[in-house]
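1. coords below, sequence missing:
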């Protein structure tokens, strides 16, 4: 076992003595040591219950002859961090999480790992660590929050509250209405209930083969979630005995499967950022042009919030991620030979898992759209690409042309939106919010929700070198690369420039002549933000969004 180098032989008596200082017996020390990587904290609603999940995982490890040893990692709640300085510290934690897990696992010679994430950056950070370490590993998330219906019969989620703020600012909602959503939209523990970034990544963990069936969809409060955690703990011990490792599972085929199912599910645009980073750790190259190639031939089968009114509990009831995968498998869209943590292939796992006829998962031949839920746009505004959640864009906004309204920060844009300064047809441009320039590539749910709450989501587009939340809907185009701080074209847009967007043709352009753009590059100054501490180091080391915003590449 890997842990033998730390615990076996006379020369390791000091290490065994330290283990015994914590109460471990000789029998426990001799067994496989399974690190339980828990992201529990009392800050994030998606993580407040993870002690219960960890207890279930430990029970599973113990039941199958292993010794569980728990340690924790940090986590940021994107919803709480949204709309202020805190959001600069969200994406950057992905790298901290991966690095800290590497340090703990290498220092203590674990035989295997069980990862317990739930929310946005924690899931990809842990997947990056699993690929980097390449020791037997399995994932079990905390599960999604339930979505309850409002008194008007519409299903609610966190995005409902953000959009309610926009309606309140627009004068179409009063104090009592706003308070109603505040009190009822988030009814309890779990990751926010739509196909936002956290649930997108937990679902894709199933597709990548690193989590068991139901990992992305079983609600946090269901007893089935605890049973799943016990099964994951048991399976972790078997993975050690079989020496089945993450790089045996997260192959090129697995990542192509993930992109394919991503398109069918209509996942968050942030999934592209994270899959690229995880693939890098796994030694697999993901090209953004590949995203469009897969999107062109993969139908969008699900319209979960924010694209539609369904939520994660509905997807679970409809058969879950495996049912979507089986629908794709029937039409030759998946690599069924890829191995998974179950010890079986993707094809074996999903065979016979039929979707239930409740409209949540559409037939392959009757999709919401014939193309996938995500698209990457290229053109004179984004030579290296920009991401959009196509499935959440109103049909009338798939092709749009309008004047640029330019802002050098999220705060400036929100102020203008709330003041009613944005008009029908405008293209809101928010720059200097990229990985390096932000720094930290903030998500911007507040401006997009304000636009939606004011009823402008079918009339106004938003473009940024930062990111949009997985809860965002509308013509919101993020990850513009190169970013403004690195001299990308977005840095040289002027108020009133005409921006042309054509999502079906994967194009985004600024209607300014090459000669004029060169003149602007010679006369306009790139802005630099003064930052200290970790953000300063991150800003200097982080790659562009099209490469996954990876540190140290």
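-> Noted; the coordinates are in hand. Computed from a predicted model, the values in this text were never measured in an experiment.
2. How about the contacts made by residue 274?
-> 94, 123-124, 127, 197, 201, 548 (Cβ atoms under 8 Å, 6 or more residues apart in numbering). C-beta: built from backbone N, CA, C; applies to glycine.
3. Quick check: buried residues in stretch 116-135?
-> The neighbour-count check on stretch 116-135 (16 or more other Cβ atoms under 10 Å) flags 116-133, 135 as buried.
4. and that stretch, what's its mean pLDDT?
-> Mean pLDDT, taken over the full extent of stretch 116-135, equals 98.
5. ends of that stretch, how far apart?
-> This stretch, stretch 116-135, spans 16 Å end to end (Cα to Cα, to the nearest Å).
6. distance of residue 79 from residue 96?
-> 19 Å (Cβ to Cβ, to the nearest Å).
7. The two: which is more packed in?
-> Neighbour totals were compared for residue 79 and residue 96, and residue 79 leads with 25 against 18 (other Cβ atoms under 10 Å).
8. Wait, the more buried one touches residue 193, no?
-> No: Residue 79 lies out of contact with residue 193 (Cβ atoms under 8 Å); the separation is 11.9 Å.
9. hey, what's in contact with both of those two?
-> residue 158.
10. Keep only those of the contacts of residue 274 that are in helices.
-> In helices, defined here by DSSP state H, the members of the contacts of residue 274 are 94, 123-124, 127, 197, 201.
11. Reformat the contacts of residue 274 into JSON lines and put distance to residue 399 next to each item.
-> Formatted as JSON lines, the contacts of residue 274 follow (distance: Cβ to Cβ, whole Å):
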{"residue": "94", "distance to residue 399": "34"}
{"residue": "123", "distance to residue 399": "34"}
{"residue": "124", "distance to residue 399": "32"}
{"residue": "127", "distance to residue 399": "35"}
{"residue": "197", "distance to residue 399": "27"}
{"residue": "201", "distance to residue 399": "30"}
{"residue": "548", "distance to residue 399": "29"}
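12. which among those residues gets closest to residue 343?
-> Closest to residue 343 out of the contacts of residue 274 is residue 127 (19.4 Å), distances taken as Cβ to Cβ.
13. State the distance from that closest one to residue 113.
-> Counting by Cβ to Cβ, the gap from residue 127 to residue 113 is 12 Å.
14. got it, and residue 12?
-> Distance, residue 12 to residue 113, using Cβ to Cβ: 21 Å.
15. With neighbour numbers in mind, choose between these two.
-> residue 113 (26 against 15).
16. Residue 184 is in contact with residue 149, isn't it?
-> No: judged on Cβ under 8 Å, residue 184 makes no contact with residue 149 at a distance of 9.3 Å.
17. wait, which of the contacts of residue 274 is closest to residue 50?
-> Nearest to residue 50 among the contacts of residue 274, with distances taken as Cβ to Cβ, is residue 123, at 12.7 Å.
18. wait, doesn't that closest one sit right on residue 205?
-> Yes: counting by Cβ under 8 Å, residue 205 is a contact partner of residue 123 at 6.6 Å.
19. What strand or helix carries residue 96?
-> In this structure, residue 96 sits in helix 92-108 according to DSSP states H and E.
20. Many thanks, have a good one.
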